[in-house]
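dropping the sequence and predicted coords here.
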Amino acid sequence: MNEEIFRFSVGGDGVATLTFDDSGRSMNVLNEASLASLYRGIEAAVADPQVKAVLIESGKDDFIAGADLDMVLAFDDREKTFQDTLALHRHLRRLETCGKPVAVAINGTALGGGFELCLACHRRIAGDRPKARIGLPEVTLGLLPGGGGTQRLPRLLGIRAALPLLLEGKTVAPAAALELGLVHEVVPAGSESEAARAWLLANIGKDILQPWDAKGYRIPGGPVQSPQGMETFFAGNPMTLAKTRDNYPAPRWILSCVYEGLQTDFDTGCRTEAAYFVEAAFSPEARAMIRTVFIGMGRVKRQSARPTGIAPRRFSRVGVLGAGMMGAGIAFAQASAGIDTVLLDVTTEAAERGKRHAQDLLDRRMAKGRTTQEAAAAVLARILPTTDYDALAGCDLVIEAVFEDRAIKAEVTRAAEARLARDAIVASNTSTLPITGLARACARPERFIGLHFFSPVDRMELVEVIVGEATSDETLAHAMDYVKQIRKIAIVVRDSRGFYTSRVCASYVREGLRMLTEGIAPALIDNAGTLAGMPVGPLALADELALDTILRINRQNAADLGAEYERSPVDDVVETMVERCHRLGKARGGGFYDYEPGRHRRIWPGLAERFPRRDPQPALDVLQRRLLHVQAIDAARCLEAGVVRSATDADVGALLGWGFPVCRGGPIGLIRQLGAATFCAECDGLAAAYGPRFTPTERLRRIARGDEPFYAD
């Protein structure tokens, strides 16, 4: 069986070893081929009378990454998937009830189905590898464990301890796994198989059973119908609903698996899990999440959009112009990645304040045990606050992060470029102003590019890399190298007004403001947004973005476009709030909401007078459709115009940039999820009722008719 993915061998000591080593992959995954090989190995070990014990190990640097998600996306027959899932359960039960001790050597990461295989072993021994992760993260992709995880984990830890791990998909390092009871032992890295074999030899001939198969077994903490069990489910159901807003069915199905399965015998519980697993695997939410969160995100992280044939560049010294929240955040990200940073502002006080922002962030991380005093000091030592442009000499890159004012940006760009070498890059952190226009202030426009960070920079992973008309491929490639070096994720966007993320996110805010002018209750507007899966409602988001900033951007656009600028009710809302009501947003004391320290935000009472409510109020689902579809149709326009280069970039950018619902897979993912024909029909209905902004593009109509394939990367 040397060609097997699970290599089977028997030693003179009677220990059969199953070594998982898929020669065709860099990491082991469970798919049709590897599962078939596993089943053959299990049968060989169980049936052979010479085998006294079974050791499962990995031939790679990690144990098992989990199930092959391409296999999950390829599922197309519910009954076959159900029967295949039951086959997995049968073989894992065959392994753990074979009467022979079974141990697993976990030499690194063991996730999902990989850890479910571990749970079916009598002894789990993990290596002391802090970067390794152990757990059942299926829920983060809209799935649930399909190899007995919802049955073994609660029976092992108890319902109350197991549910958070299942519902949150939390993964932990080996030391934490030992503390939680997920593994029995943690040994020095590299000695996992030796330790597992020693345990097996010491237990050959003994009556080794799983806890749930032992006579007199009781679920730790009590069964489902116990006081603790009922209390857990009474609290767990509403808490899960509040968190998911029922947009993500997998957590609800996990609760059902545990609730129903733990009231039956183990094998019936596994059958219950298999039924719910099929529901999850075929759900549109799981398929959207797998496509975007796993496959799409991986593609973007690998920087498939980076121009080829250009040698990578490492950055050692980078300047940041402007020490406000964005500039200070960029400086912190750079310094944390080991880059010497010049943080420049007009006053010493402002520059020092920007460095103090980094100190505050480091203090919080030290308080949580996420960094050390020495490491924090090293980060701070890399940040040089200054007012002197000459300090930019030697910088490989300078990022302008000043106010959204074209004249100010041009002034600081010229001053900085004069101090730089010819191969240095100048970038702007603008979120709205076209890069081609800003590049006119640069003597070498081919070395000018947009790097749009998101606030707060220390927590937001995305950077929008904006290519101007003159930007060279070398500049783009090196800008992407910089983004990767500071451990962030880049999507490439063509220069246009609002670019991609700001433009499509603005469509969400603008739709909410339009609703306000229609007499729709502010609470209903924002609840429609959050119940649709957005992190905050459009009015609350407008407050966070700052209403005076929105007004300034609107007027800059009006000045730039002249007669082409089309005023809308949105302009009136923002002008009313800022100039008549002096409500500028969250950071300036209040906007659509009142913000009081220590209290939840409340709708500003003055809105009722300025924007009277009409009755009857529209249905919630109509508002949700408006708020999501207006983003999706605008994202489609951006994709078709080449503003964003691929459907994957559009979806990943939406998820990371402004929090488009993950369960939809992004705005293009929403169109795919609904089907182009259904989406176009719904948009036509919205366009007839609310205006041409909802009108589908001609390409979308061709896709809906089947005359053209769906958007491809």
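Good, I have the coordinates.

pull the residues that contact the helix or strand of the chain with the lowest mean pLDDT.
Within the chain, confidence by mean pLDDT, DSSP states H and E is lowest for helix 547-561 among all helices and strands, at a mean of 89. Residues from elsewhere that reach helix 547-561 (CB atoms under 8 Å, 6 or more residues apart in numbering): 404, 406, 432-433, 497, 509, 542, 565, 567, 570-571, 574-575, 577-579, 583-585, 588, 591. For the C-beta atoms, the positions are set from N, CA and C on the backbone; glycine is no exception.

next, the buried residues of that helix.
Using 16 or more other CB atoms under 10 Å as the test for burial, helix 547-561 gives 547-554, 556-557.

please tell me how far stretch 630-640 is from the chain's geometric centre.
21 Å (CA atoms, centre = their mean, to the nearest Å).

kindly report the same for stretch 680-687.
Averaging C-alpha coordinates over stretch 680-687 and over its chain gives two centres that are 30 Å apart (CA atoms, centre = their mean).

cool, and stretch 654-674?
The mean C-alpha position of stretch 654-674 is separated from the chain mean by 11 Å, CA atoms, centre = their mean.

restricting to C-alpha, output it in PDB.
The C-alpha atoms that make up stretch 654-674 are tabulated as PDB, following Å, rounded to 0.1, in the frame of the first residue of the first chain:
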ATOM      1  CA  ALA A 654     -16.400  44.700   0.100                       C
ATOM      2  CA  LEU A 655     -16.000  42.200   2.900                       C
ATOM      3  CA  LEU A 656     -12.800  43.800   4.300                       C
ATOM      4  CA  GLY A 657     -13.400  47.400   3.300                       C
ATOM      5  CA  TRP A 658     -16.900  48.200   4.700                       C
ATOM      6  CA  GLY A 659     -18.300  45.000   6.000                       C
ATOM      7  CA  PHE A 660     -20.700  43.800   3.300                       C
ATOM      8  CA  PRO A 661     -22.500  40.700   4.700                       C
ATOM      9  CA  VAL A 662     -20.100  37.700   4.600                       C
ATOM     10  CA  CYS A 663     -23.100  35.400   4.200                       C
ATOM     11  CA  ARG A 664     -23.700  36.900   0.800                       C
ATOM     12  CA  GLY A 665     -20.100  36.400  -0.300                       C
ATOM     13  CA  GLY A 666     -19.800  40.100  -1.300                       C
ATOM     14  CA  PRO A 667     -21.900  42.300  -3.700                       C
ATOM     15  CA  ILE A 668     -21.100  40.200  -6.800                       C
ATOM     16  CA  GLY A 669     -21.600  37.100  -4.600                       C
ATOM     17  CA  LEU A 670     -25.100  38.400  -3.800                       C
ATOM     18  CA  ILE A 671     -25.900  38.500  -7.500                       C
ATOM     19  CA  ARG A 672     -24.600  35.000  -7.900                       C
ATOM     20  CA  GLN A 673     -26.400  33.800  -4.800                       C
ATOM     21  CA  LEU A 674     -29.800  35.100  -6.000                       C
END
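
give the buried residues for that stretch.
Going by neighbour count (16+ other CB under 10 Å), the buried part of stretch 654-674 is 654-658, 660-674.

what about these, which are in helices?
Filtering these for membership in helices, criterion DSSP state H, returns 654-657, 667-674.

nearest to T697, of those?
Each of those was scored against T697 by CB to CB, and I671 proved nearest at 10.8 Å.

how about the contacts made by that closest one?
632, 636, 679, 700.

any chance of TSV for those, columns pLDDT and distance to G598?
Converted to TSV, the contacts of I671 look like this (pLDDT from 0 to 100; distance: CB to CB, whole Å):
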residue	pLDDT	distance to G598
A632	98	38
A636	98	43
F679	98	44
L700	98	48
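
of all those, which comes closest to R444?
Comparing every one of the contacts of I671 with R444 (CB to CB), the shortest separation belongs to A636, at 35.3 Å.

what's the closest non-adjacent residue to V51?
The spatial neighbour of V51 that comes closest, neighbours along the chain excluded (CB to CB, 6 or more residues apart in numbering), is A16 at 4.3 Å.

what lies in contact with the helix or strand harbouring the one you found?
Secondary-structure element containing A16, defined by DSSP states H and E: strand 15-20. Residues external to strand 15-20 that are found in contact with it (CB under 8 Å, 6+ apart): 5-11, 28, 34, 38, 41-42, 44-45, 48, 51-60, 63-64, 197, 200-201.

filter those down to the buried ones, PyMOL style.
This is the PyMOL syntax for the buried subset of these, where burial follows 16+ other CB under 10 Å:
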select buried, resi 5+6+7+8+10+28+34+38+41+42+44+45+51+52+53+54+55+56+57+58+60+63+64+197+200
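
just the ones of the contacts of strand 15-20 in helices?
In helices, defined here by DSSP H, the members of the contacts of strand 15-20 are 34, 38, 41-42, 44-45, 197, 200-201.

and stretch 65-83, how far out from the chain's middle?
When distances are taken as CA atoms, centre = their mean, stretch 65-83 is centred 22 Å away from the chain's centroid.

between the two ends of stretch 396-407, how far is it?
Across stretch 396-407, the straight-line distance between its terminal residues is 24 Å, by CA to CA, to the nearest Å.

and it, what's buried?
The neighbour-count check on stretch 396-407 (16+ other CB under 10 Å) flags 396-402, 406 as buried.

state the mean pLDDT of it.
The predicted model assigns stretch 396-407 a mean pLDDT of 91.

can you pull out the strands in the stretch 401-550 of the chain?
425-428, 448-453, 462-467, 489-494 (DSSP state E, counting those that start in this stretch).

these: which one's closest to C683?
Shortest separation from C683 across those is recorded for strand 489-494, at 23.9 Å, computed as CB to CB.

average model confidence for that closest one?
Here the mean pLDDT over strand 489-494 is 96, rounded to a whole number.

list phi and psi for the closest residue to M460 other than its chain neighbours.
Among residues not flanking M460 along the chain, F454 sits closest, at 3.8 Å (CB to CB, 6+ apart). F454 has phi and psi values of phi -120, psi 150 when expressed as degrees, to the nearest 10.

F454 and L462 touch, don't they?
Yes. Checked against CB atoms under 8 Å, the pair F454 and L462 is within contact range at 5.5 Å.

name the residues contacting each of the two.
In contact with both F454 and L462: 501, 656-657, using CB under 8 Å, 6+ apart.

for burial, what's the neighbour tally of E698?
Summarising burial for E698: neighbours were counted as other CB atoms under 10 Å, giving 10.

what bits of the stretch 101-250 of the chain have low per-residue confidence?
Counting by pLDDT under 70, the stretch 101-250 of the chain shows no low-confidence range.

show me where it has its helices.
Remark: helices of the stretch 101-250 of the chain, listed N- to C-terminal, are 113-119, 149-157, 159-168, 174-180, 192-203, 227-244, 249-261; assignment by DSSP state H, counting those that start in this stretch.

with just CA atoms, put the fourth one into PDB.
Included here for helix 174-180 are C-alpha records, laid out as PDB according to Å, rounded to 0.1, in the frame of the first residue of the first chain:
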ATOM      1  CA  PRO A 174      -1.700  23.300  21.600                       C
ATOM      2  CA  ALA A 175      -1.200  24.600  25.200                       C
ATOM      3  CA  ALA A 176      -4.700  26.100  25.200                       C
ATOM      4  CA  ALA A 177      -6.100  22.900  23.700                       C
ATOM      5  CA  LEU A 178      -4.600  20.900  26.600                       C
ATOM      6  CA  GLU A 179      -6.100  23.300  29.100                       C
ATOM      7  CA  LEU A 180      -9.500  23.000  27.500                       C
END
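
which residues touch stretch 524-531?
For stretch 524-531, contacts defined as CB under 8 Å, 6+ apart pick out 245, 508, 512, 515-516, 536-541, 617, 620, 623-624, 627.
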